[in-house]
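>>> got a sequence here, can you build the structure:
(one chain, ligands or ions: 2)
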Amino acid sequence: MPARREKSLGRPERLAATLNLDASVARVPGVSSARTSALAKMGITTVRDLLAHYPRRYLDMSHVVTVADAPIGALVTVSGTVHEVKLKKPRPRLTLTEITVVDATGVLVVTCFRQPWLADRLHAGDALAVAGKVEFNYGFKRMTNPFLEPLEEGASAVGMVVPVHPATERMPTAQIRRLVSAALDLCEGMYDPLPLELRMKYRLPSRLAAMRAVHEPHHMEDVQAARRRLAYEELLMLELHLLMRSRNAAQDAQATAHRTDGPHLARFREALPFELTEEQQRAARELLQGMAQQHCVKHMLLGDVGTGKTVVAAHALCAVADTGTQAFMMAPTEVLARQYEKSLGPLLDQAGVTWETVTGSTPAREREAVLERAAAGTVDVLFGTQALLEDDVRTPCCSLVVIDEQQRFGVAQREALVRKGVAPDVLTMTATPIPRSLALAIYGDSTLSYLTVRPRNRAGNTTRVLDRSSQGVAYDAACEALREGRQVYVVCPLVGSPADGKEDEEPSGRAYGEEAYEYGVIVIEDGEMPDEDLKAASAQARFLQAKVFPDFKVGLLHGKMSGEEKREVMERFRAGDVRVLVATTVIEVGVDVPNATVMIVEDAERFGLAQLHQLRGRVGRGDHPGSVFLVSGSRAPAALERLAVMERTEDGFAVAESDLALRREGDILGNRQHGASTLKLVNVVRDRAIVEAAHADALDVLAEDPEMDMPAHRALAREVRMLFARCEDKKD
Ligand code: ADP
Ligand code: MG
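Ligands and ions are numbered 1, 2, ... in the order given. I've put the predicted structure just below:
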């Protein structure tokens, strides 16, 4: 920590400093009305917002290199003097600013595209820090579109760290730095909302010291400790908020303590045609434990497609029948709702549990009869789609609501179903791979059970990453499988796909939940298929037919085919007439070909990991284990390192976690649920331990002091209220 002593102030001053946090940002000296509106555009309206506007990165000037020492290809910071600034217009709509920077050892030529204003801002003689990748061209070391930071007079002293706050054109980072500094002064002496006990437990610096260190560090080490403290605080507050919000004494008084040792459940267990996996047993136990309690519980069941979530949920349905109350179970599609009838119906029948299904296509007469029985309470379980949300769907005492594939429903839909119950317990199920630390952070008020193994796919797959020069290994394995009578997929990416030519950059992974995840279809690449891609795919198919698999029929499936043509090819593949399927666009999940055991993915680095994981689920579906080969011509270590994750794990959730770990912090919570947007400094993968600690501490605090009105918790309670008041307003 910087050796800055916090002033000792009296109570009134400390209180005033604390209240300043939620004052308008206009209170900060230096914030004019023009600046107030510029800040508002950045989402900053209070002093608290300004202080939570953390630097995106830091220029560590203690590690500045000279131009002469800057290694070509490396990311470095160079500090020097502007020698000349030239504005050029090589093409009508293209401007570039060329800045020549010199230091004692040499000349660095900096080129910035489309930032003409730089020519007004920078002048010969200015001190400037430049951070970026060093290139060498036409006799000079160069940087293209680097990060530029004008340095104040004498600021190039060794040991200085320059914070870089997210900025806009009207509010440049140097300006923000000054305002943040004034805001910190305004809050000098503010109360620390973290109880002393927790600060001691983890040896955390005070809030003000941490904020100063993050915004105005002297050394990079200061930032780490400070970030830990602030991340912990963000998480603790989010967990407290979630737990307090979902706890409701009035509701609990009405809640049902379910019977979990009744005859229906016992008969259901006997009727099961298979043995539950250990994970399924544990999940069912955790679920029933919660349901037995006399308050509303939320439980979340997470597991990849095929891990057997439905049968776990059925335990809860039977407990409801044993209790004499009713349950709703909602699926996002008619197909899924009908699947319950097929997979659970007979088991529930044997257990003596009555059930009905209501969907949009239920004929009016039948619907009326079903709803009448439901209203009379003679139906234990109502399966259905969104059709369950209609006003006339009622039961006398629904004590459990099950929402399958919960990510497919909106908040309003989920809440509408919950409102149909009498203080019901809620079970949500999802196949979206949300790693535990992320789920804890954003669903902190739910208990979680994970299913990781597929009970019916024990054969499993092995995955190997191959360099292009060793792709013969994959072809050999494919030929061997073909000779044994099995089938092969070869998947090609589109030539013009977005990752093209950017292989040393981070994957452009999409946020979880966004992934096109239609039941039945994996979208590998969507949209128009350029002609060159079609040519490349056709050429690949011809090459494979002629040179690699001359003895076996090769088929091609691509995006320019009509639905009819696609179905025909898939049909021939399923029938075993086509033995090798070269696919560029879609593989339908519904077309399950258990005889396919080898998959070769070409240019695998162009796919997201989650996508690759879905793809490889197409093989190894029968009794024979699958072999997946990820072939890559990329020489970028990062690309291969990323793919290597697929070799190490079969678990879709672990894959997703690696994908998350590779993202930048800001992108982590693509899923901006309720309060999660208050997590500004948290990376749920890197900060996993902090997430777990904050979750446990929040539970402890509330167990000891449910209303948080003990003196030690009052400041914390106030902070949680202030922080989330606005989020709640905005909630959809
Ligand atoms: P999901 O988790 O995708 O909802 P399902 O519940 O639909 O998965 O289960 C997938 C398939 O696995 C179903 O056909 C189901 O009957 C079967 N299944 C579930 N549990 C087991 C088990 N323990 N042993 C064998 N098959 C199982
Ligand atoms: Mg399911």
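>>> only C-alpha atoms for contact and neighbour calcs from this point on.
Fine.
>>> what's the first helix or strand after the top helix by length along the chain?
Determined from DSSP state H, the single longest helix within the chain is helix 220-246. Downstream of helix 220-246, the first helix or strand assigned by DSSP states H and E is helix 249-254.
>>> these two touch, right, Pro424 and Glu415?
No. Contact criterion C-alpha atoms under 8 Å: Pro424 and Glu415 do not qualify, at 11.3 Å.
>>> the two: which is more packed in?
Applying other C-alpha atoms under 10 Å to Pro424 and Glu415 shows that Pro424 carries more neighbours, namely 28 against 12.
>>> contacting residues around the closest residue in space to that one that isn't next to it in sequence?
Nearest non-adjacent residue to Pro424, counting by C-alpha to C-alpha, 6 or more residues apart in numbering: Ser399, 4.1 Å away. Ser399 makes contacts with 255-256, 320, 325-327, 421-425, as judged by C-alpha atoms under 8 Å, 6 or more residues apart in numbering.
>>> Serialize the residues you listed to CSV and add fields for distance to ligand 1.
Output for the contacts of Ser399, formatted as CSV (distance: C-alpha to the nearest ligand atom, whole Å):
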residue, distance to ligand 1
Ala255, 27
Thr256, 26
Val320, 19
Thr325, 24
Gln326, 21
Ala327, 18
Gly421, 23
Val422, 26
Ala423, 26
Pro424, 22
Asp425, 20
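>>> can you tell me which of the residues you listed are in strands?
Judged by DSSP state E, strands contain the following of these: 326-327, 425.
>>> who are the packing partners of the host helix or strand of Glu692?
Per DSSP H and E, Glu692 falls inside helix 688-704. Applying 3 or more C-alpha pairs under 8 Å, 6 or more residues apart in numbering; DSSP states H and E, one finds that helix 688-704 contacts helix 220-246, helix 436-442.
>>> would you mark the buried spots in the longest strand seen in the chain?
For the chain, the strand with the greatest residue count under DSSP E is strand 75-91. For strand 75-91, a neighbour-count test (16 or more other C-alpha atoms under 10 Å) marks 76-85, 87 as buried.
>>> just checking: what are the partner strands of the helix or strand just after that strand?
Next along the chain after strand 75-91, taking DSSP H and E as the criterion, comes strand 94-103. Partners of strand 94-103 in the sheet, by DSSP bridges, are strand 75-91 (antiparallel), strand 106-113 (antiparallel).
>>> hmm, who's touching the helix or strand just after the last one?
Following the chain from strand 106-113 toward its C-terminal end, the next helix or strand by DSSP H and E is helix 118-121. For helix 118-121, contacts defined as C-alpha under 8 Å, 6+ apart pick out 85-87, 97.
>>> so Asp476 is in which element?
Asp476 is part of helix 471-483, with elements assigned from DSSP H and E.
>>> the helix or strand following that helix vs helix 471-483, what angle?
Next in sequence after helix 471-483, counting helices and strands by DSSP H and E, comes strand 487-491. Strand 487-491 and helix 471-483 are oriented at 150 degrees to each other (axes from the mean of the first three to the mean of the last three C-alpha atoms, to 10 degrees).
>>> tell me where the stretch 601-732 of the chain has helices.
609-616, 637-648, 652-661, 665-668, 688-704, 711-730 (DSSP state H, counting those that start in this stretch).
>>> by mean pLDDT, show me the worst of the helices and strands packed on helix 688-704.
Lowest mean pLDDT within the helices and strands packed on helix 688-704: helix 436-442, a mean of 82.
>>> so the helix or strand following that helix versus helix 652-661, what angle?
Using DSSP H and E, the helix or strand that follows helix 436-442 in sequence is strand 447-451. Interaxial angle of strand 447-451 relative to helix 652-661 (the same axes, to 10 degrees): 110 degrees.
>>> tell me which other helices or strands the helix or strand that strand 447-451 is followed by touches.
Counting by DSSP H and E, the next helix or strand C-terminal to strand 447-451 is strand 461-467. Where contact means 3+ C-alpha pairs under 8 Å, 6+ apart, strand 461-467 is packed against strand 626-632, helix 637-648.
>>> each with direction, which strands does strand 461-467 pair with?
Assessed with DSSP bridges, strand 461-467 is paired to strand 626-632 (parallel).
>>> thinking again about what came up before, closest to Thr105 out of the helices of the stretch 601-732 of the chain?
Nearest to Thr105 among the helices of the stretch 601-732 of the chain is helix 637-648; the distance by C-alpha to C-alpha comes to 32.0 Å.
>>> relative to strand 461-467, how tilted is the closest one?
With the same axes, to 10 degrees applied, the angle from helix 637-648 to strand 461-467 works out at 160 degrees.
>>> would you mark the buried spots in helix 637-648?
Buried-residue list, helix 637-648, by 16+ other C-alpha under 10 Å: 638-640, 642-647.
>>> same check, this time on stretch 207-221
Residues of stretch 207-221 classed as buried: 207-220 (neighbour count, 16+ other C-alpha under 10 Å).
>>> sorry, back to before: name the nearest of the buried residues of strand 75-91 relative to ligand 1.
For the buried residues of strand 75-91, the residue nearest ligand 1 by C-alpha to the nearest ligand atom is Val76; the value is 47.9 Å.
>>> bridging residues for that closest one?
Going by DSSP bridges, Val76 forms beta bridges with Gly132.
>>> the nearest residue to Phe147 once chain neighbours are set aside - how many residues pack around it?
Excluding its sequence neighbours, the residue lying closest to Phe147 (C-alpha to C-alpha, 6+ apart) is Ala131, at 5.0 Å. Look at Ala131: counted by other C-alpha under 10 Å, it has 20 neighbours.
>>> how about Asp709?
13.
>>> show me what contacts it?
Taking C-alpha under 8 Å, 6+ apart as the test, what Asp709 contacts is Ala717.
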